[in-house]
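Asker: structural data only, the sequence is not supplied:
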């Protein structure tokens, strides 16, 4: 299956509320429609994840970013534009996603994609998708496709075919939390 066909098939699964295992800008991740509460719940069940833990969303354009937050500090736009490696930004008052995507305090983390199959998928889907590491909760994050547990692969409704030509960083993103007043806290370097 070539990449274009895989993106089309993954898109069909997202629209049905399915969980997919697909490449991101960092590593392979479990994804679903971020606005579909039951799809998000499927991921929580697959991972054995605690109820109170939120997720990050992948975005593909400024419109999506504006929709997902009540207020976006101006410096966030510069960070998104200037980031030369995957960067997850957590902001207060996430919105227009399923309630079980948000953190307990209502915050929401996002990563803006710029290229690759995940970018194409989110762009065509037209709304945010959840992305989380493809591992059972508490287990190490598999940094390579061949390290993903068979149990996780088998539970996904669609597995995006692996290709060594995919441009992924092979490591988790940096994560920062930004408060409305512009104060930055580094959560993961």
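Answerer: Perfect, I can see it now. Note that this is a predicted model, so its numbers are computed, not measured. Residues are numbered from 1 along each chain as shown.
Asker: other SSEs contacting the host helix or strand of residue 58?
Answerer: Using DSSP states H and E, residue 58 falls within strand 56-59. Applying 3 or more CB pairs under 8 Å, 6 or more residues apart in numbering; DSSP states H and E, one finds that strand 56-59 contacts helix 62-68, strand 108-112, helix 116-125, strand 129-132. Placement of C-beta: from N, CA and C, glycine included.
Asker: nearest to residue 188, of the ones you listed?
Answerer: Each of those has some distance to residue 188 by CB to CB; the shortest is strand 108-112, at 10.6 Å.
Asker: tell me the bridge partners for the spatially most central residue of the chain.
Answerer: By CA atoms, centre = their mean, the chain has its centre lying nearest to residue 131, at 2.5 Å. Taking DSSP bridges as the rule, residue 131 bridges to residue 31, residue 56.
Asker: got the angle for the one helix or strand residue 177 maps to vs strand 108-112?
Answerer: Residue 177 belongs to strand 174-178 when assigned by DSSP H and E. If you take axes from the mean of the first three to the mean of the last three CA atoms, to 10 degrees, strand 174-178 sits at 130 degrees to strand 108-112.
Asker: picking that back up, if I look at the residue nearest to the centre of the chain, what pLDDT would I see?
Answerer: You'll see residue 131 listed with a pLDDT of 95.
Asker: same deal with residue 170?
Answerer: For residue 170, pLDDT reads 87.
Asker: give me the phi and psi angles of it.
Answerer: phi 80, psi 10 (degrees, to the nearest 10).
Asker: next, find the distance separating the closest residue to it other than its chain neighbours from residue 171.
Answerer: Sequence neighbours aside, residue 143 is the residue nearest to residue 170 in space, at 5.7 Å (criterion: CB to CB, 6 or more residues apart in numbering). Per CB to CB, to the nearest Å, residue 143 is found 6 Å from residue 171.
Asker: list the contacts for residue 98?
Answerer: 34, 35, 36, 37, 39, 40 (CB atoms under 8 Å, 6 or more residues apart in numbering).
Asker: please read the previous query as pertaining to residue 50.
Answerer: So residue 50 contacts residue 137 (CB under 8 Å, 6+ apart).
Asker: equivalent analysis for residue 158, please.
Answerer: So residue 158 contacts 9, 10, 13, 18, 20, 21, 22 (CB under 8 Å, 6+ apart).
Asker: what subset of those residues is buried?
Answerer: Burial by neighbour count, judged by 16 or more other CB atoms under 10 Å, picks out 10, 13, 18, 20, 21, 22 from the contacts of residue 158.
Asker: what sits up against the strand holding residue 58?
Answerer: Taking CB under 8 Å, 6+ apart as the rule, strand 56-59 contacts 24, 31, 34, 65, 68, 88, 97, 101, 108-113, 118, 122, 128-132.
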